[in-house]
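Trainee: Quick one: sequence and predicted model below, then my questions.
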Amino acid sequence: MLMSGCIATYYGEEWQTSMCKQVMDTVYEAGIDKYIVGDQAFYELSCERDGIIGEGKKFASEKELDEFVADRIKDYSKHPAFYGIYLKDEPHYYLFKSFGQIARSLKRVCPKIYVYCNLLPL
């Protein structure tokens, strides 16, 4: 298993020419079949305090979030090395609601996805 960290973050650019795809292709050719993608959109969403769904939030409903998630992962989730998504490292407690909403949406859209989160040591 390999986690991208900051090396090949996906920013929503053209998938076929992205650094993320190039790295995933390389690691898969090297025999690594589990790659955890760092996606800037999910990182930013995981930095939102007190949730991302509801009035005045990024998404009006779970359905709207699920549609965003499905569209965002549509290319890299089909890669044979794809295994999961990396969210913000060591979130504070006030980000947990956002983390939970993102993780549940990712699981609804892609049930076998691995969602990586390293909790802040307290």
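Mentor: Received it, and whenever you're ready, just let me know what you need. This is a predicted model, so every value here is computed, not measured.
Trainee: Contacts for the longest helix seen in the chain, please.
Mentor: If you go by DSSP state H, the chain has its longest helix at helix 96-109. The contact list for helix 96-109, computed with C-beta atoms under 8 Å, 6 or more residues apart in numbering, reads 42, 45-53, 62, 65-66, 69-70, 73, 85, 87-88, 91, 113, 115, 117. (Glycine included, C-beta is placed from N, CA and C.)
Trainee: immediately after the worst-scoring helix or strand of the chain on mean pLDDT, which helix or strand?
Mentor: Least confident element among the helices and strands of the chain, by mean pLDDT, DSSP states H and E: strand 2-3 (a mean of 88). As assigned by DSSP states H and E, the chain's next helix or strand after strand 2-3 is helix 19-29.
Trainee: Over that following helix, what's the mean pLDDT, rounded is fine.
Mentor: Per-residue pLDDT over helix 19-29 has a mean of 96.
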